[in-house]
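Colleague: next come a sequence and a model predicted from it.
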Amino acid sequence: MAVRLLSYEVADLCLGKPPLRSLSSSATVADALSAVKSSDDNFISVWSCNHSSTNRNLDCVCVGKVCMVDIICFLCRQDNLSSPSSALNSSVSVLLSKVNGLVRHVEPSSSLMEAIDLILDGAHNLVVPIKSNFRRKPLPRSQSSIIPTTHNHSQEFCWLTQEDVIRFLLSSIGLFSTIPMLSVEALGIISHDHPTVDYHSPASSAVGPVSRALLDRTSVAVVDDGGVLIGEISPFALACCDETVAPAVVTLSAGDLMSYMDCGGPPEEISRLVEERLRERGLEGMLEEFVAGPHSGNSSSSDEELPSPTTVLGRKGRWCNSGRMGRRAEAVVCRPWSSLVAVMIQAIAHRVNYVWVVEEDCSLVGIVTFASMLEVFRENLESMI
């Protein structure tokens, strides 16, 4: 059975994966914004093509990926606050991470072990040519403003993520003996290195940590003075919003920003507060670009209660301005004694790459990530060879 598991190739994990939607590296931030908002995926692949290349198999290369979080963080930079319209006209290259190797091209014949090694080496996405014996029916243009990536002689591509590999391993969890039943504490995979902001601190102070969390595939914990986990500002949650959340990030506290995103629509009193603070700071450009026009249509009742610093977890449904599926706002948590397989199921069920670890009083202990889980499975797989 172990031999069978080790014999799997990347192509086996790609079955049923949809083709990537792509964006040219010559596009603008505004183009990226439009592409992300019209896509069902949170990320859009960015491609650079050199059709004069002597190596025709590599004339087009995926150079990175962008998501709504990249755009929001970019708009919240100090030098973009006064003129967001100019920022939107910037090259999409300003959104791409400067960290090399986040996106890697791999062959369908690459082994499962090779895929895990690349992910543990820092890759977020493995770009894979789709092997197909039939011609895919083209999507009607009315369904999407962007089309599947068809580069290198009309070849379509998909990509694999940490979640895809974890899901695959979970389907064969019985092959790993007693490892899945051990606690995350016993396995030593609880990390204490994670971004944290105070509930009352400015939400703008979380922009840097959110960018780091996006790179680390984690989240930013929002805690009170006693270290109790109140909630989180997660890249996944922000990805379900749109660019109009940028003024809230710039003007609100971390706690109010959670309320702004969590209440099925920004509470009217907080929306008014955002407008007032933008005017006080003279940020007319941001006011006109993102706040102008009625917002009452998405507002909740005026007597909607704001979250208290003593409220632990358990918030309402996510507001998704872009219309894409979001997830519930409470932070996903486990205990130090939770088993590895239980934590895997929690993360997959909530479509996140991590689970927060808390004590019974909800004081924050640390975080368990897909990357740390993969390290455990990688060691176990190696012992099977």
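Modeller: Yep, it's here.

Colleague: CA atoms for contacts and neighbours, from now on please.
Modeller: Fine.

Colleague: the longest helix anywhere in the chain: how far from the chain's middle?
Modeller: In the chain, ranked by residue count with DSSP state H as the criterion, the top helix is helix 370-384. The chain centroid and the centroid of helix 370-384 are separated by 23 Å, computed with CA atoms, centre = their mean, to the nearest Å.

Colleague: ditto for stretch 67-76
Modeller: Stretch 67-76 has its average C-alpha position 12 Å from the chain's average C-alpha position, going by CA atoms, centre = their mean.

Colleague: over to stretch 366-385?
Modeller: How far stretch 366-385 lies from its chain's middle: 21 Å, per CA atoms, centre = their mean.

Colleague: swap in stretch 276-286?
Modeller: Averaging C-alpha coordinates over stretch 276-286 and over its chain gives two centres that are 29 Å apart (CA atoms, centre = their mean).

Colleague: remind me what the longest helix of the chain packs against, helices and strands.
Modeller: Judged by 3 or more CA pairs under 8 Å, 6 or more residues apart in numbering; DSSP states H and E, helix 370-384 is in contact with helix 2-6, helix 112-120, helix 162-170.

Colleague: make JSON lines from those and add distance to Ile270 and mean neighbour count to it.
Modeller: Rendered in JSON lines, the data for the helices and strands packed on helix 370-384 read as follows (distance: least, CA to CA, whole Å; neighbours: other CA atoms under 10 Å):
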{"stretch": "helix 2-6", "distance to Ile270": "52", "mean neighbour count": "12"}
{"stretch": "helix 112-120", "distance to Ile270": "41", "mean neighbour count": "19"}
{"stretch": "helix 162-170", "distance to Ile270": "35", "mean neighbour count": "18"}
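
Colleague: what about these, which gets the closest to Ile44?
Modeller: With CA to CA as the measure, helix 162-170 is the member of these nearest Ile44 (16.7 Å).

Colleague: what residues does the helix or strand just after that closest one touch?
Modeller: Helices and strands here follow DSSP states H and E; after helix 162-170, the next one along the chain is strand 196-198. With CA atoms under 8 Å, 6 or more residues apart in numbering as the test, strand 196-198 has contacts from 205-206, 209, 220-225, 254.

Colleague: give me the number of residues near Val99?
Modeller: When neighbours are defined as other CA atoms under 10 Å, Val99 has 11 of them.

Colleague: roughly how far apart are the most centrally placed residue in the chain and Met261?
Modeller: Relative to the mean C-alpha position of the chain, the nearest C-alpha, by CA atoms, centre = their mean, is the one of Phe236, at 4.4 Å. For Phe236, the distance to Met261 (CA to CA, to the nearest Å) stands at 12 Å.

Colleague: and if you look at Gln346?
Modeller: Counting by CA to CA, the gap from Gln346 to Met261 is 22 Å.

Colleague: next one: Ser85
Modeller: Ser85 is 23 Å from Met261, where distance means CA to CA.

Colleague: the two: which is more packed in?
Modeller: The neighbour count for Ser85 versus Met261, taken as other CA under 10 Å, is higher for Met261 (25 against 17).

Colleague: tell me which helix or strand Arg351 sits in.
Modeller: Assigned by DSSP H and E, Arg351 belongs to no helix or strand.

Colleague: report how many residues lie close to it.
Modeller: By other CA under 10 Å, the residues close to Arg351 number 13.

Colleague: what does the pLDDT read for it?
Modeller: Model confidence at Arg351, expressed as pLDDT, equals 90.

Colleague: now do Gln143
Modeller: Checking the pLDDT column for Gln143, the value is 41.

Colleague: before we move on, what about Asp41?
Modeller: 87.

Colleague: all strands for the chain, in order.
Modeller: Under the criterion DSSP state E, the chain carries strands at the ranges 22-24, 43-49, 60-67, 103-105, 125-129, 150-151, 155-160, 196-198, 220-223, 229-233, 333-334, 354-358, 364-369.
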